[in-house]
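Undergrad: all I have is the shape, not the residue letters:
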């Protein structure tokens, strides 16, 4: 998978991405408030790399993934795919771009149309982009089904005839048949059993190795992210709070929120004792986020400065970005 | 040789890929016994009303003045001179022949079976045409309204509300004074007033379905709005509309009857199942039951058949239905 005339080594660059969902109310259905689901998120992904995005529910992970693919329109920001602005692309240009950027969804049950044989679901993208004859498409579907570990005869069956893990493989096949460069994996394993999770993760790993794919991997399970990512971004309340290589992040987390998350990873050995960091309170509402650092109401390091000054997202060590006034190793 | 072989292969692949879903649907439909039986009954009925009148010795409006309100099976010997008081009818049978009113005769001596057959033509035509057209329009407007939302939705639904507040009968009275009422005009007007139910049903379904992830998946593949609406949303949202349509069919027959009373629907002396029932009162029900029973039975059988077919269709279109 060679990339022509791209000067940047980054396949995807996201700059200051914002998404505010309006809350409408009152007689005239005016916008009375906004849910700040994404409030200035920036990151980039190199070719062939996997960037993991973690964070608790409602922190904007999924919104990030969908906005990058322009499945929901953003409020502000730039998304550059091979140097082209995805968000400003014309309808025709966007159609072409969609071949290169695919998505695998969280819920393998909801992401396949129950009335269409899975072979047709997989071939849909090919059909939309007028790729090949019906016969060729059939061959491609058969190939890709076998590539993801299913039988080519399965293409005639309907989604309800498959198990969850199999359906997720079909979802992957649907993305794969387009021969994309980037796949956004939106919590692809969180709806699956643990044993199946490993199978699907290994499949994704193998595909990346063989086809040179780039993943934006969204998850809330840190072990999963550690397993699959090259770099990891931690999100909190619509912001990226820490972004570093996997090894840096897991061995030396700098942001207090990341530290708290790390301390919550279950260890398989019950005899190991460790200090867990218990965060007080709940995640504040994204409608009315705290002033200054968004994490300050729950942070044990918080000082006065945290209430007023929003910490910049800075490179504290090479390749290790943190947004915290008191970031420490 | 090689070329022809690949061509054959390609054709077979095409067949497999594209025809199989329809075969599957047909297979599932054929498992629904009542639905299959209904198709047969309805087919026979259509056959009967299309060709039946050609074989009847009576015309649609032929009147045997001496044989009013006769019960089923009454025999009638065609008199020598004046045999029918036929309105525009022709004499088809030689004098002295014995004819039978198989289903009896009506209040002015017309053969009920003959009228029932003629009436079936127009009643079935109106009912099927109105239902199909109004569901079609309702589905298209409903899916756009639900899918696009916002201004489109607000405008479409306010228009639906507006139509639903209009009183049908006075408006029809006015229209009938301006325009010459014909069956096709009647169909158009009924469609204009009856697509709203289907549109609302479809919109409601779409509102929940459009948030499904397979819609996002299709969009991520680059699918157009049209493709998403008609390939993904409508097939999944169709079940309530099918049921609605099969129930609406019999309603249309009754509405048509009410309209013929206002000089709109099918005008007497031409017969429709609706206007054959229209004149029924308590006297007829007590003394000449057959005059109400047979048109009623015809409407009943038809709506029952359409309901069963609707059921069968709904299940057949759903691949998750139990085998």
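TA: Received, thanks. Since the model is a prediction, treat every value here as computed from it, not as a measurement.
Undergrad: from one end of stretch B:268-278 to the other, what's the distance?
TA: This stretch, stretch B:268-278, spans 11 Å end to end (Cα to Cα, to the nearest Å).
Undergrad: contacts for that stretch next, please.
TA: Contact partners of stretch B:268-278, identified using Cβ atoms under 8 Å, 6 or more residues apart in numbering or on different chains, comprise B:60-61, B:87, B:106, B:115-116, B:118-120, B:122-123, B:126, B:253-258, B:260-261, B:265-266, B:291-292, B:295-296, B:298-299. Any C-beta I mention is one placed from the backbone N, CA and C, and that applies to glycine too.
Undergrad: measure how far that stretch is from the centre of its chain, please.
TA: Its chain's C-alpha centre and that of stretch B:268-278 lie 16 Å apart, by Cα atoms, centre = their mean, to the nearest Å.
Undergrad: try stretch B:193-202
TA: On the basis of Cα atoms, centre = their mean, stretch B:193-202 is displaced by 16 Å from the centre of the chain it belongs to.
Undergrad: ok, back up a step: report the buried members of the contacts of stretch B:268-278.
TA: B:60-61, B:106, B:115-116, B:118-120, B:122-123, B:126, B:253-258, B:260, B:265-266, B:291-292, B:295, B:298-299 (16 or more other Cβ atoms under 10 Å in any protein chain shown).
Undergrad: show me these that map onto helices.
TA: Judged by DSSP state H, the buried ones among the contacts of stretch B:268-278 include B:115-116, B:118-120, B:122-123, B:126, B:253-258, B:260, B:291-292, B:295, B:298-299 as members of helices.
Undergrad: as a check, name the ranges of all helices in chain B.
TA: Counting by DSSP H, chain B has helices at residues B:2-30, B:33-55, B:112-148, B:150-165, B:168-178, B:183-209, B:213-220, B:225-227, B:234-261, B:273-278, B:282-287, B:289-317.
Undergrad: would you turn the ones you listed into CSV with mean pLDDT?
TA: Listed next are the helices of chain B as CSV, based on pLDDT from 0 to 100:
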stretch, mean pLDDT
helix B:2-30, 61
helix B:33-55, 90
helix B:112-148, 92
helix B:150-165, 92
helix B:168-178, 81
helix B:183-209, 91
helix B:213-220, 91
helix B:225-227, 92
helix B:234-261, 83
helix B:273-278, 80
helix B:282-287, 79
helix B:289-317, 86
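Undergrad: show me the one of these that comes nearest residue A:74.
TA: Closest approach to residue A:74 among the helices of chain B (Cβ to Cβ): helix B:213-220, 15.4 Å.
Undergrad: what angle do the closest one and helix B:112-148 make?
TA: 70 degrees (axes from the mean of the first three to the mean of the last three Cα atoms, to 10 degrees).
Undergrad: quick one: helix B:213-220 to chain centroid distance?
TA: Centre-to-centre, helix B:213-220 and its host chain are 36 Å apart (Cα atoms, centre = their mean).
Undergrad: need the contact list for the residue lying closest to residue B:24 once chain neighbours are set aside.
TA: Excluding the flanking residues, the one nearest residue B:24 by Cβ to Cβ, 6 or more residues apart in numbering or on different chains is residue B:319, at 7.2 Å. For residue B:319, the contact set (Cβ under 8 Å, 6+ apart) comprises A:114-115, A:158, A:160, B:24, B:28.
Undergrad: circling back: right, and the helices of chain B - which one's nearest residue A:60?
TA: Taking these one by one with Cβ to Cβ, helix B:213-220 is closest: 16.9 Å.
Undergrad: okay, now residue A:127: neighbour count?
TA: 16 (other Cβ atoms under 10 Å in any protein chain shown).
Undergrad: might one say that it is in contact with residue A:137?
TA: Yes. Counting by Cβ atoms under 8 Å, residue A:127 does reach residue A:137; the two are 6.8 Å apart.
Undergrad: so residue B:97 sits right up against residue B:75, yeah?
TA: No. Contact criterion Cβ under 8 Å: residue B:97 and residue B:75 do not qualify, at 10.6 Å.
Undergrad: which bits of the stretch 151-300 of chain A sit near chain B?
TA: A:156, A:158, A:160, A:171, A:174, A:178 (Cβ under 8 Å from any Cβ of the partner chain).
Undergrad: now do the strands in the stretch 201-329 of chain A.
TA: Counting by DSSP state E, counting those that start in this stretch, the segments of the stretch 201-329 of chain A that form strands are A:214-218, A:231-236, A:239-245, A:314-317, A:320-322.
Undergrad: most neighbours per residue, which of those?
TA: Across the strands of the stretch 201-329 of chain A, averaging neighbours per residue (mean count of other Cβ atoms under 10 Å in any protein chain shown) puts strand A:214-218 on top, at a mean of 26.
Undergrad: which outside residues touch it?
TA: Here strand A:214-218 makes contact (Cβ under 8 Å, 6+ apart) with A:11-12, A:45-53, A:61-62, A:64-65, A:68, A:181-188, A:204, A:208, A:225, A:228-229.
Undergrad: chain A: helices as residue ranges?
TA: According to DSSP H, the helices that chain A contains are A:61-68, A:91-100, A:118-128, A:134-147, A:164-176, A:194-211, A:222-228, A:246-251, A:256-263, A:304-308.
Undergrad: contacts made by the third one with the rest, please.
TA: When you say that, I think you mean helix A:118-128. A:95, A:99, A:112-113, A:132, A:137-138, A:140-141, A:144-145, A:154-159, A:162, A:170, A:173-174, A:177-178, B:17, B:214, B:218, B:221-224, B:227.
Undergrad: nearest spatial neighbour of the residue most central in space within chain B, skipping sequence neighbours?
TA: Centroid-nearest residue in chain B, with Cα atoms, centre = their mean: residue B:128, separated by 2.4 Å. The shortest distance from residue B:128 to any non-neighbouring residue, by Cβ to Cβ, 6+ apart, is to residue B:249 (7.2 Å).
Undergrad: that neighbour: how many residues sit nearby?
TA: Neighbour number of residue B:249 under other Cβ under 10 Å is 23.
Undergrad: list the contacts of it.
TA: Neighbours of residue B:249 in contact, by Cβ under 8 Å, 6+ apart: B:127-128, B:131, B:302-303, B:306.
Undergrad: that's all I had, so thanks and see you.
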